[in-house]
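S.K.: just the structure for this:
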Amino acid sequence: MPSPSDPTSGFTPPEESFLELLAETLENLDRLPRGQFLQRFFKTIAQLDLSENVSLEYWDKILERRRQLADTLGKPISLKAAMVDVLASSTYLRVPILMEYDDLKKLQINAATDPLTGLYNRRLFEEQFEKELNRALRYNQHLALIILDLHQFKEVNDRYGHPQGDLLLQTAASTLRKSLRTSDYAFRIGGDEFALLLVHSDSEQASTLARRIRANFGSAVQVIQASVGLGMDYGIAVFPGDGDQKDALIRIADRRLYEMKHLERGGKARPAAPQAPPAPARASFPFARTPAPTAAPSTSAPAAAGRSEKRRWERVSLAGTRAYAQLADDPQKTARVIDLGYGGLALEMEESGEIGSRFSVVLHVPILPPVRVATMGTWFLFHRDPDFALIAASVLVIIIASTLLGAGAA
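M.R.: Have a look, this model is predicted:
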């Protein structure tokens, strides 16, 4: 019985039938579209970057070589054989390697994707960003870049281990894939850093998408039980408004990313006025509840975070939001509101200064009007928070007030 590989058997492999059909189709095309197609064709099958004219020249050589070989051998010669002969004889392929197309595709996919998340990797980000930016320049179109990273990701790895961190990265990648259009690109460009390229998108469209991704990610991570405030920060740069160079756009998006981090972590750069609209709340994993003691306040420090004790009233965690407090006597001094309840509140500050055991603050909580409250029975717990290392290396102070008075107590 003749073998399918036997040229005299009459059996034509599917790939050879495809090439024959391709050759017939190309004959009926005009020179310009034929050259454009062949340029992409040679790039796909042999990774050759040829011009359109050179691609046309080599295709004509392949067809001529097939006719020559058929006349010499007295039997039909496949286009595949003629193509290998011509390209191997050229100066473009010095050491050609024969391999199955499926294996080649696997190598290409592995070289361009991140194995953990399945997103495109940093190398492809650099290449694709350059291509899309050139396209946007040529056709005078918008191109938006969003750089994102995960809030407190290092703490998740340190506290719960790398498998939990890997799960978080995969959750972020899945959120990005589900939120993007088919024309957009998602990349993992670093440990917990991601990048998006949004074609034909202006600043408003990019901001809307970034907020939606952030909210979707917050919903996705709620199922993970952890006492770490997890979320996603982002920075946006748009061509042409923010520049027309790749490095400049990356630098601007990266700067805006860290500005968002700085604002939301209680840095001094936070504006004192509450008029600015709050950003969408960062999704928080449930903090361990540490209710206030039922007995009268003492001078001892409260239980460490994560250790439970009874409280008469439930606390509402505001970690990850823009909630902050201004000292009534010195409005320039602000503190981040960690949690709030009828019986007390927890604030985080960069320095204690001359606050004293009793003081008044004005609370600025999203969706609520400013509220002035007076505190009493205050404890100070000194600690060094590694998450603030990017902003300031100073020792931070947590102020826990046992009693909340005033109109905002309810």
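S.K.: and for V337, the neighbour number?
M.R.: By the criterion of other C-beta atoms under 10 Å, V337 has 24 neighbours. (Glycine included, C-beta is placed from N, CA and C.)
S.K.: packing partners of the top helix by length along the chain?
M.R.: Assignment by DSSP state H gives helix 52-73 as the longest helix of the chain. Secondary-structure packing of helix 52-73 (3 or more C-beta pairs under 8 Å, 6 or more residues apart in numbering; DSSP states H and E): helix 31-46, helix 79-89.
S.K.: got TSV for those helices, with distance to A112 and mean pLDDT too?
M.R.: Converted to TSV, those look like this (distance: least, C-beta to C-beta, whole Å; pLDDT from 0 to 100):
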stretch	distance to A112	mean pLDDT
helix 31-46	14	88
helix 79-89	23	86
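S.K.: ok, residues contacting the longest helix of the chain?
M.R.: Outside helix 52-73, the residues within contact range by C-beta atoms under 8 Å, 6 or more residues apart in numbering are 23, 26, 31-32, 34-36, 38-39, 41-42, 50, 76-79, 81-83, 85-87, 90.
S.K.: okay, the angle between that helix and helix 31-46?
M.R.: 70 degrees (axes from the mean of the first three to the mean of the last three C-alpha atoms, to 10 degrees).
S.K.: so which residues of the stretch 101-250 of the chain form strands?
M.R.: When secondary structure is read from DSSP state E, counting those that start in this stretch, the stretch 101-250 of the chain shows strands at 143-151, 185-188, 193-199, 231-239.
S.K.: reformat those as CSV; add mean pLDDT, mean neighbour count and distance to H364.
M.R.: Shown next, in CSV, are those (pLDDT from 0 to 100; neighbours: other C-beta atoms under 10 Å; distance: least, C-beta to C-beta, whole Å):
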stretch, mean pLDDT, mean neighbour count, distance to H364
strand 143-151, 94, 24, 21
strand 185-188, 96, 23, 35
strand 193-199, 96, 22, 31
strand 231-239, 94, 23, 20
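S.K.: distance to K131 added to the ones you listed, as JSON lines?
M.R.: Output for these, formatted as JSON lines (distance: least, C-beta to C-beta, whole Å):
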{"stretch": "strand 143-151", "distance to K131": "11"}
{"stretch": "strand 185-188", "distance to K131": "10"}
{"stretch": "strand 193-199", "distance to K131": "10"}
{"stretch": "strand 231-239", "distance to K131": "13"}
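S.K.: S51 touches L38, doesn't it?
M.R.: No: contact criterion C-beta atoms under 8 Å: S51 and L38 do not qualify, at 10.3 Å.
S.K.: who has more neighbours, those two?
M.R.: Set S51 next to L38 and count neighbours by other C-beta under 10 Å: L38 wins out with 23 against 10.
S.K.: buried subset of the contacts of helix 52-73 as a ChimeraX selection?
M.R.: Only the buried entries of the contacts of helix 52-73 go into this ChimeraX selection, using 16 or more other C-beta atoms under 10 Å:
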select :26,34,35,38,39,41,42,50,77,78,79,82,83,85,86,87
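S.K.: quick revisit: which one of the strands of the stretch 101-250 of the chain lies closest to D114?
M.R.: Shortest distance between D114 and those, using C-beta to C-beta, is found for strand 185-188: 4.3 Å.
S.K.: sketch out the low-pLDDT regions of this protein for me.
M.R.: 1-13, 96, 98, 101, 223-228, 264-321, 341-343, 350-357, 366-369, 375-410 (pLDDT under 70).
S.K.: and it, what are its domain boundaries?
M.R.: Domain ranges of the chain: 7-98, 118-264, 272-410, per automatic domain parsing.
S.K.: any idea how many residues pack against L167?
M.R.: 14.
S.K.: how about the one 4 residues further on?
M.R.: The burial metric for T171, expressed as a neighbour count using other C-beta under 10 Å, is 18.
S.K.: what's near enough to touch the closest residue to it other than its chain neighbours?
M.R.: Distances taken as C-beta to C-beta, 6 or more residues apart in numbering place A220 nearest to T171, at 5.2 Å, with adjacent residues excluded. Contacts for A220 (C-beta under 8 Å, 6+ apart) come out as 171, 174-175.
S.K.: just name the closest of the residues you listed to V371, please.
M.R.: T175 (34.8 Å).
S.K.: contacts only, for the spatially closest residue to that closest one that is not a sequence neighbour.
M.R.: In this structure, T175 finds its nearest non-sequential neighbour in F217, 4.6 Å apart by C-beta to C-beta, 6+ apart. Contacts of F217 were listed using C-beta under 8 Å, 6+ apart, and they are 171-172, 175, 231-232, 283.
S.K.: F217 and H142: what is the separation?
M.R.: 25 Å (C-beta to C-beta, to the nearest Å).
S.K.: neighbours of R65, how many?
M.R.: 18.
S.K.: that should have said G191, apologies.
M.R.: 12.
S.K.: which non-adjacent residue is nearest it?
M.R.: Looking at G191 with C-beta to C-beta, 6+ apart, the closest residue is F153, at 7.5 Å.
S.K.: I figured the one you found hits E193, correct?
M.R.: No: the criterion here is C-beta under 8 Å, and F153 misses it with E193 at 9.6 Å.
S.K.: before we move on, the earlier item: and the residue nearest to T171, how far from F153?
M.R.: Counting by C-beta to C-beta - A220 and F153 are separated by 15 Å.
S.K.: now swap in Q36 and tell me
M.R.: Counting by C-beta to C-beta, the gap from Q36 to F153 is 44 Å.
S.K.: now the contacts of A220 as TSV including distance to Y258?
M.R.: Formatted as TSV, the contacts of A220 follow (distance: C-beta to C-beta, whole Å):
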residue	distance to Y258
T171	23
S174	25
T175	21
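S.K.: which among those residues gets closest to D339?
M.R.: T171 (25.3 Å).
S.K.: ok, the closest one - contacts?
M.R.: 217, 220-221.
S.K.: show me which of those residues is closest to P331.
M.R.: Looking across the contacts of T171 and measuring by C-beta to C-beta, the closest to P331 is F217, at 34.2 Å.
S.K.: so where do the helices sit in this structure?
M.R.: 14-27, 31-46, 52-73, 79-89, 101-112, 122-139, 153-160, 162-179, 203-220, 246-264.
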